[in-house]
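**Student:** Take this sequence and fold it.
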Amino acid sequence: MTLTNPNLEGYSIVRNFWLKYYNPSKQTFIAPKKCSGCYNDDRFVVWAVAVAAQAVVDGARIYPELRPLVPTACRIFQKYKNNHLRGFSAAENGGNDKDIYYDDDAQVASAFITAYEVTGDKYFLDQGRELVRFLMGGWNNNPNAKTKGGMCWHVTNHYLNACTTAEVAKVCLQLSKFIPSEANYYVEFAAKCIDWQIAVLQDPGDKLIKDGVQDTSDQINDTKWTYNLGTTLSSAAHLYQITKDKKWKKIADDLANAGINRGVFFYDRDYSDDKRYWRDSSYFVQLLIEGLADYLLYVGDEDNGDLPQRIHEEIRRHLVMFYEYMRDPQDGLYLQSFEPHLTYKETYETKYKQEFGDRKNWDLKEEDRDDRHQPQKCLMGCAAAARVFFQGARVVPEIPK
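**Tutor:** Numbering: from 1, shown residues only. From the prediction side, this is the model:
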């Protein structure tokens, strides 16, 4: 089999992970066996649920037969809600747990807002608006902080990180489209987030986004993940589309070029240029692909030379590689790895060695294996895989045989 229709592959993954993980009697996702993303023996953290719900919504946008699943998927979030703070905790709770991560909740908010966009059900818009208002309260206003500004990672941990800051900006911009009377409020907050991100966390050399900094420190964690660039790119491109301020286009152009520069940190550079690939797990890469797709949607080909075509080609070849190396032909579900040697042993022997040689030894990532070192899939990996294909299809809707 070869990949020809990324949207259809995304649909197939959603269908298969729903059948595997959704338990109608428990009205939530249940792991058949403890796996990556479980906080106990069988329940998933809210981050995994958010990615799964977003994958369902992405699919429902294309395939109407998935729309009945949207309310069911989004209803699961209520098991995680703190009814006093109005945020969502990492684990299911009785309504008072304060283990709340702003970046996780930004992905919950995105699922609610896009659910409204797809279904027109105002309940989802109200939930998204309430959650975005909660998220905006996570801005670092501590006058004694060594690093000023930025979004906090957790309600009790003021690590100011890229993913939270950009993801909150992203959902503010999503929400601004649907509440015109409040739009300026959300757009201005998003602009404040991305201004901080670029000033504090962008590397002026390679234009990648560093991970974050504790508010009590000025020593930046300079790890550069794909999703930090992807979410910042989504926000900058959307800000340009709304404001037409060339400042945002310049930022978006730089980020888009950096995202497909095969010489930067998050590519595996152990190979020749033509074989280099994004080496983060799929739950990070899906947000880079979304950012690149948003760039083409919101900025397009305005004075950008061959950049749109290069983005198209980079996404195309990564979709093909992910499909060929991480898909289990038995159930159509995916591992979380994006690295072709960290896959099924048979795939390594029959495909990897032929395409890449034997430069890297076979293994499985810890998050992709059970206690017997056998491949093990999880809700997060399957949901992220669906999003890889749905978001990639916005740029590459068809792949010729």
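
**Student:** Could I get the full set of strands for this protein?
**Tutor:** For the chain, the strands defined by DSSP state E cover 22-23, 28-29, 159-161, 212-214.

**Student:** ok, residues contacting the first one?
**Tutor:** By that I understand strand 22-23. Residues from elsewhere that reach strand 22-23 (C-beta atoms under 8 Å, 6 or more residues apart in numbering): 28, 29, 30, 72. The way it works is simple: take the backbone N, C-alpha and C, and place the C-beta from them, glycine included.

**Student:** List buried residues within those residues.
**Tutor:** The neighbour count (16 or more other C-beta atoms under 10 Å) marks 28, 29, 30 as buried among the contacts of strand 22-23.

**Student:** Just to check, the first one is in contact with residue 76?
**Tutor:** It stands for residue 28. Yes: counting by C-beta atoms under 8 Å, residue 76 is a contact partner of residue 28 at 5.0 Å.

**Student:** Could you name every residue contacting both of these two?
**Tutor:** Residues touching both residue 28 and residue 76 by C-beta under 8 Å, 6+ apart: residue 49.

**Student:** quick one: furthest residue from the center of the protein?
**Tutor:** Note on the chain: the largest C-alpha distance from the chain mean falls to residue 144, namely 32.3 Å (C-alpha atoms, centre = their mean).

**Student:** For that one, give me the backbone phi and psi.
**Tutor:** Backbone torsions of residue 144, given as degrees, to the nearest 10, read phi -100, psi 0.

**Student:** how close does it get to residue 136?
**Tutor:** As judged by C-beta to C-beta, to the nearest Å, residue 144 and residue 136 stand 21 Å apart.

**Student:** and the longest helix for the chain?
**Tutor:** helix 307-326 (DSSP state H).

**Student:** Phi, psi for the spatially closest residue to residue 223 that is not a sequence neighbour please.
**Tutor:** What sits nearest to residue 223 in space, not counting adjacent residues and going by C-beta to C-beta, 6 or more residues apart in numbering, is residue 211, at 4.5 Å. Here is the backbone geometry of residue 211 (degrees, to the nearest 10): phi -70, psi -50.

**Student:** Provide a list of residues in contact with residue 211.
**Tutor:** Counting by C-beta under 8 Å, 6+ apart, residue 211 has contacts 161, 162, 163, 201, 220, 221, 222, 223, 224, 225, 228.

**Student:** Would you mind measuring from residue 251 to residue 164?
**Tutor:** 18 Å.

**Student:** same thing with residue 153?
**Tutor:** According to C-beta to C-beta, residue 153 stands 5 Å off from residue 164.

**Student:** next one: residue 342
**Tutor:** Look at residue 342 and residue 164: by C-beta to C-beta, they are 28 Å apart.

**Student:** More neighbours: which of these two?
**Tutor:** Using other C-beta atoms under 10 Å as the criterion, residue 342 and residue 164 rank with residue 164 on top: 27 against 23.

**Student:** For stretch 60-73, buried residues please.
**Tutor:** For stretch 60-73, by 16+ other C-beta under 10 Å, it's 60, 61, 66, 67, 69, 70, 73.

**Student:** How about the contacts made by the most centrally placed residue in the chain?
**Tutor:** Taking C-alpha atoms, centre = their mean, the centroid of the chain lies closest to residue 287, which sits 3.5 Å from it. Neighbouring residues of residue 287 by C-beta under 8 Å, 6+ apart: 226, 227, 230, 231, 234.

**Student:** pretty sure the fourth one contacts residue 168?
**Tutor:** No: look at residue 231 against residue 168 with C-beta under 8 Å: they stay out of range, at 9.4 Å.

**Student:** More neighbours: the two, which one.
**Tutor:** Taking neighbours as other C-beta under 10 Å, residue 231 and residue 168 compare with residue 231 leading, 34 against 27.

**Student:** what sits against that one?
**Tutor:** So residue 231 contacts 162, 163, 166, 167, 169, 170, 287, 291 (C-beta under 8 Å, 6+ apart).

**Student:** quick one: the fifth one and residue 193 touch, right?
**Tutor:** Which is residue 169. Yes: counting by C-beta under 8 Å, residue 193 is a contact partner of residue 169 at 3.8 Å.

**Student:** hey, what's in contact with both of the two?
**Tutor:** Shared contacts of residue 169 and residue 193, defined by C-beta under 8 Å, 6+ apart, comprise residue 235.

**Student:** which of the two has more neighbours?
**Tutor:** More neighbours surround residue 169 than the other of residue 169 and residue 193, with 31 against 27 (other C-beta under 10 Å).

**Student:** Look up how far residue 232 lies from that one.
**Tutor:** Counting by C-beta to C-beta, the gap from residue 169 to residue 232 is 8 Å.

**Student:** Look at the residue farthest from the centre of the chain and report its pLDDT.
**Tutor:** At residue 144, the pLDDT value in this model is 94.
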